[in-house]
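Asks: here is my input, please return the structure:
(2 chains)
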Protein chains: 2
Amino acid sequence: MTKTIENRHYQALENAPEQPDEPGRRRFLKQSVGVGTGMATLGATTISNVAFGASDDAAEEADDASDLPDVIDWKDEDAMILHGRSPITLETKRYTVGTSGITPATRLYIRNNLPVPDEKIVADRDAWQVSIEGVKNAKSLSVGELKTMGLTSVVMVLQCSGNGRGSFDHTPSGSQWRTGASGNVVWGGVPLKDVIAALGGPADGMKFLTSTGGEELPKGLDEDKIQVERSIPIEKALDDVLLAWEMDGQPIPLVHGGPLRVIVPGYYGCNNIKYVKRVALTPKESAAHMQKFSYRVRPIGVEASPDQPTMWDMNVKSFITGPGAKPGETVRAGHHVIYGVAFGGNEAVKDVDISIDGGQNWQKAELFGADMGRYAWRTFRFEADLPAGKYVLASRATNQSGEVQPQYRLENQRGYANNSWHDHALSIVVKG
Amino acid sequence: MTKTIENRHYQALENAPEQPDEPGRRRFLKQSVGVGTGMATLGATTISNVAFGASDDAAEEADDASDLPDVIDWKDEDAMILHGRSPITLETKRYTVGTSGITPATRLYIRNNLPVPDEKIVADRDAWQVSIEGVKNAKSLSVGELKTMGLTSVVMVLQCSGNGRGSFDHTPSGSQWRTGASGNVVWGGVPLKDVIAALGGPADGMKFLTSTGGEELPKGLDEDKIQVERSIPIEKALDDVLLAWEMDGQPIPLVHGGPLRVIVPGYYGCNNIKYVKRVALTPKESAAHMQKFSYRVRPIGVEASPDQPTMWDMNVKSFITGPGAKPGETVRAGHHVIYGVAFGGNEAVKDVDISIDGGQNWQKAELFGADMGRYAWRTFRFEADLPAGKYVLASRATNQSGEVQPQYRLENQRGYANNSWHDHALSIVVKG
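Replies: Next up, the predicted model:
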């Protein structure tokens, strides 16, 4: 299967139409998207006249998240950017990420494909049923039953496929996320492999895990078109996937998928199905539109197709969160601690390099704080004397197998998987 | 100094008056309190007719934390027990501790010696001033300045000295905490040693760090009597103490000590001074009542005195948080995962043993989830088949240097430092 994904990956890249090399526009970059299980760097492309990414700035002020809907009135409004009310779409402001390594529920982004279900589904959380299929002894289990079958936890970066979309020049459809459709979250639940083993193991010929969300669908529409359903490789499902009922030390809030959510560590957010009502080992990927056509990485202008890479495992990424990331913040000349977060994608981060001059010179940052495991992000710091002037602060992470956060994003129609250090650099002005 | 503490420690124990050995009452136990830097076990004492600790049960229902004051209206009421409104005193319910390893701010206990300061002190957090004294170049620094001097984070059990006080038979004064005056929290800030080094290092002859809270004191009273002020050994201050502005990924909430709190990893809660306005290296311990007489471990009936052990480093402890810890919860016969949290005190936890028969037989539990460092608690799990019947679930932690959570608490006037596995056992009824 690995091979298949790599082939698709190359195919999609090779099929990419050339973009005009005009100033201020980016060409379609022949670099790895970091989806699938292989990473390929197919050569660099010269970029000219490209502006660096900046802080959340004015746009953030414009869509402050005040007067939130009841179901999320417990969110820390001041820390959030509101992108949409139905479905609720909320981003974490860059400067509020903090340096504790953990994203509290009150500050975690929200991205839902469909409206949030009625609160009645969390009135008796243990009663929620999930159908386990594609195993020798298929069975419906309640959350209460799952809690007797095993228990573990994992700290994991949760990140939307479109995080960083706001940097693309062709204005892909979807929320114009900057850095904040990501967070580092502790999930607690039962290892899916334990549940599958308890039900006799996988039925013959199964190659994927297909999970289906429990959102109520409007009547009269084609379910395949709107159903929240995603498939991932069975190898991953039998490795470290969870059926989770807990998030950051509390029952998973409704808006984040409680009572029960599939957690696929190292994979993009869309694979972590909320309100999961069906967990099935299947011989093929789901036929739902969300699997076949959505979340496909495709060149700009190319139609979606199931033979394009899908948004599975994440790529290596980092971003600086301070100082100077808060709109209106004054940074005075002198000694400073530059800080941020870094993660390795589907494996642990190894190193972070820092530049204060937009990538001309790099120095090693220090990772600090608790190492919460391979799927967690790490906080990093770098001390520097900053005389008055303009700086472009950039961070560049490297993961354990040596994959380096690239300078430029992979151009693609939907604006997925942006891990460009260039796009995530932070321009600041230091005053005397 | 270690010797001094040990001497005091022994003294206090040796001075203990014998308690009558009546059924249902505990004698003063000659065992280590686990304060100071040494742990001494001076021999066991036979105990008879002692009831096991139970869940939060009826008492919890009686003081549910509804209608909380505005300053803490963001707390998760359902997870809390209200012990008092002025000062605000709030406990985390045992069954809500969760299995993620982290205690979210919304569920963290509150214990304040004085009323919470006005919210104006967090209106401009970076402007808060702290006076650094007892160094070569004493200076007042703002939080904004501290943020340029260094950055680190630590995951740490925060625990009130009186946690577990509710188990004592002599009804010590103070909140009748059960398990929930404890939580596992990520703190972010600057290492105090970096600040001290930047100010020229310690002045000559300094032996303690004395920190003073910024609460506004009522006029006309003797400040020494009510001031929140604590001293700790300078060796600890120069090791891993923080001046922290962040808690669990957000600015420290006012009620938890924001804008700035002293964090002393591995020490009891009272040493973590909130709204800290003065951080001084001093030749002697503070003369404030809180240091001289409060938080002293003394035999029942003995007056407080500065020669008694003070509540510095914590002892090894664990408690089970489920299943069956929720009042009214039905536990059905069958396979179960027993789970809870364990911490080693001033060092990492190494092992946890579990008994389902009140301590007659023990088996190893598994630690799981991220290891967040020596000062953090670990989640543990133990799988067992539980036929219908009554069980007494007990956990017994051992830390890295082999100190074992004792069967019985050290009897003491104020009900401090209770780490008895016996008192923290959980009685449950499993139904067929």
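
Asks: for A:Pro202, give its distance to A:Lys284.
Replies: Per C-beta to C-beta, to the nearest Å, A:Pro202 is found 14 Å from A:Lys284. All C-beta atoms are positioned from the backbone trio N, CA, C, and that covers glycine.

Asks: looking at those two, which is more packed in?
Replies: A:Pro202 (19 against 12; other C-beta atoms under 10 Å in any protein chain shown).

Asks: OK, contacts around that one?
Replies: A:Gly134, A:Val135, A:Lys136, A:Ile196, A:Ile234, A:Leu238, A:Leu281 (C-beta atoms under 8 Å, 6 or more residues apart in numbering or on different chains).

Asks: now with 6 Å, please.
Replies: Taking C-beta atoms under 6 Å, 6 or more residues apart in numbering or on different chains, we find A:Pro202 in contact with A:Leu281.

Asks: partner residues bridging it?
Replies: A:Val135 (DSSP bridges).

Asks: tell me the pLDDT of it.
Replies: In this model, A:Pro202 is scored at 98, pLDDT.

Asks: so how far is A:Arg230 from it?
Replies: Distance from A:Pro202 to A:Arg230, by C-beta to C-beta: 18 Å.

Asks: for A:Gly134, same thing?
Replies: 15 Å.

Asks: please verify my assumption that A:Val116 contacts A:Val71.
Replies: Yes. A:Val116 lies in contact with A:Val71 (C-beta atoms under 6 Å); the separation is 5.4 Å.

Asks: which residues in the stretch 151-300 of chain A form helices?
Replies: For the stretch 151-300 of chain A, the helices defined by DSSP state H, counting those that start in this stretch occupy A:192-198, A:223-226, A:234-237, A:289-292.

Asks: shared neighbours, A:Val116 and A:Val71?
Replies: A:Val255.

Asks: the two: who's more crowded?
Replies: The neighbour comparison of A:Val116 against A:Val71 (other C-beta under 10 Å) goes to A:Val116, with 22 against 17.

Asks: chain B contacts on chain A?
Replies: Proximity of chain A to chain B (C-beta under 6 Å from any C-beta of the partner chain) is limited to residues A:98-100, A:102-104, A:148, A:151-153, A:155, A:186, A:188, A:246, A:248-250, A:335-337, A:339, A:368-370, A:372-373, A:381.

Asks: now the strands: where do they sit in the stretch 51-200 of chain A?
Replies: A:80-85, A:88-92, A:110-111, A:129-133, A:139-142, A:152-159, A:182-191 (DSSP state E, counting those that start in this stretch).

Asks: pick out the residue nearest the middle of chain A.
Replies: A:Gln159 (1.6 Å; C-alpha atoms, centre = their mean).

Asks: any idea how far that residue is from A:Val116?
Replies: 20 Å.

Asks: for the stretch 201-350 of chain A, which residue gets nearest to chain B?
Replies: Closest contact between the stretch 201-350 of chain A and chain B, by C-beta to the nearest C-beta, is at A:Gly249 (4.1 Å).

Asks: for the stretch 201-350 of chain A, which segments count as strands?
Replies: For the stretch 201-350 of chain A, the strands defined by DSSP E, counting those that start in this stretch cover A:208-213, A:229-233, A:242-247, A:250-251, A:261-263, A:276-282, A:317-322, A:331-332, A:334-343, A:349-355.

Asks: among these, which comes closest to B:Gln129?
Replies: strand A:331-332 (16.5 Å; C-beta to C-beta).

Asks: what sits up against the closest one?
Replies: Residues from elsewhere that reach strand A:331-332 (C-beta under 6 Å, 6+ apart): A:Pro323, A:Gly324, A:Ile428, A:Val430, A:Lys431.

Asks: what's across from the residue lying closest to the first one once chain neighbours are set aside in the sheet?
Replies: By that I understand A:Pro323. Nearest non-adjacent residue to A:Pro323, counting by C-beta to C-beta, 6 or more residues apart in numbering or on different chains: A:Val331, 5.2 Å away. Taking DSSP bridges as the rule, A:Val331 bridges to A:Val430.

Asks: quick one: neighbours of A:Val331, just the number.
Replies: Other residues near A:Val331 number 19, with proximity taken as other C-beta under 10 Å.

Asks: and for A:Asn399?
Replies: Counted with other C-beta under 10 Å, A:Asn399 comes out at 24.

Asks: what's the distance between it and B:Met372?
Replies: Look at A:Asn399 and B:Met372: by C-beta to C-beta, they are 21 Å apart.

Asks: centre of the chain versus stretch A:109-116, how much separation?
Replies: 14 Å (C-alpha atoms, centre = their mean, to the nearest Å).

Asks: got it, and stretch A:202-218?
Replies: Worked out by C-alpha atoms, centre = their mean, stretch A:202-218 lies 21 Å from the chain centre.

Asks: I'd like the strands of the stretch 51-200 of chain A as JSON lines, with mean pLDDT appended.
Replies: Listed next are those as JSON lines, based on pLDDT from 0 to 100:
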{"stretch": "strand A:80-85", "mean pLDDT": "92"}
{"stretch": "strand A:88-92", "mean pLDDT": "95"}
{"stretch": "strand A:110-111", "mean pLDDT": "96"}
{"stretch": "strand A:129-133", "mean pLDDT": "98"}
{"stretch": "strand A:139-142", "mean pLDDT": "98"}
{"stretch": "strand A:152-159", "mean pLDDT": "98"}
{"stretch": "strand A:182-191", "mean pLDDT": "98"}
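
Asks: got any ranges where the stretch 301-432 of chain A has weak pLDDT?
Replies: Regions of the stretch 301-432 of chain A meeting the criterion pLDDT under 70 are absent.

Asks: ok, which stretches of it are helices?
Replies: Under DSSP H, counting those that start in this stretch, the stretch 301-432 of chain A gives no helices.

Asks: tell me which stretches of the stretch 1-150 of chain A form helices.
Replies: Under DSSP H, counting those that start in this stretch, the stretch 1-150 of chain A gives helices at A:2-14, A:57-62, A:143-146.

Asks: buried ones in the shortest one?
Replies: For helix A:143-146, the neighbour count (16 or more other C-beta atoms under 10 Å in any protein chain shown) marks A:Val143, A:Gly144, A:Glu145, A:Leu146 as buried.

Asks: as a markdown table, those with pLDDT would be great.
Replies: Converted to a markdown table, those look like this (pLDDT from 0 to 100):
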| residue | pLDDT |
| --- | --- |
| A:Val143 | 98 |
| A:Gly144 | 97 |
| A:Glu145 | 98 |
| A:Leu146 | 98 |
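
Asks: of those residues, which is the nearest to B:His422?
Replies: The closest of these to B:His422 turns out to be A:Gly144 (C-beta to C-beta; 29.8 Å).

Asks: doesn't A:Gly200 make contact with A:Lys136?
Replies: Yes. Between A:Lys136 and A:Gly200 there is a contact under C-beta under 6 Å: 2.8 Å.

Asks: chain center to stretch A:237-246: distance?
Replies: The answer for stretch A:237-246 is 17 Å, by C-alpha atoms, centre = their mean.

Asks: for it, the averaged confidence score.
Replies: Stretch A:237-246 carries an average pLDDT of 98.

Asks: what is the end-to-end distance of it?
Replies: 19 Å (C-alpha to C-alpha, to the nearest Å).

Asks: list the buried ones in that stretch?
Replies: For stretch A:237-246, using 16+ other C-beta under 10 Å, the buried residues are A:Ala237, A:Leu238, A:Asp240, A:Val241, A:Leu242, A:Leu243, A:Ala244, A:Trp245, A:Glu246.

Asks: need the max-distance pair from those residues.
Replies: A:Leu238 and A:Glu246 (21.9 Å).

Asks: burial of A:Asp385, as a residue count?
Replies: 9.

Asks: find the nearest non-adjacent residue to the residue nearest to the centre of chain A, please.
Replies: A:Ser182 (4.0 Å).

Asks: mind checking how far that neighbour is from chain B?
Replies: Distance, A:Ser182 to chain B, using C-beta to the nearest C-beta, to the nearest Å: 13 Å.

Asks: how many neighbouring residues does that residue have?
Replies: 26.
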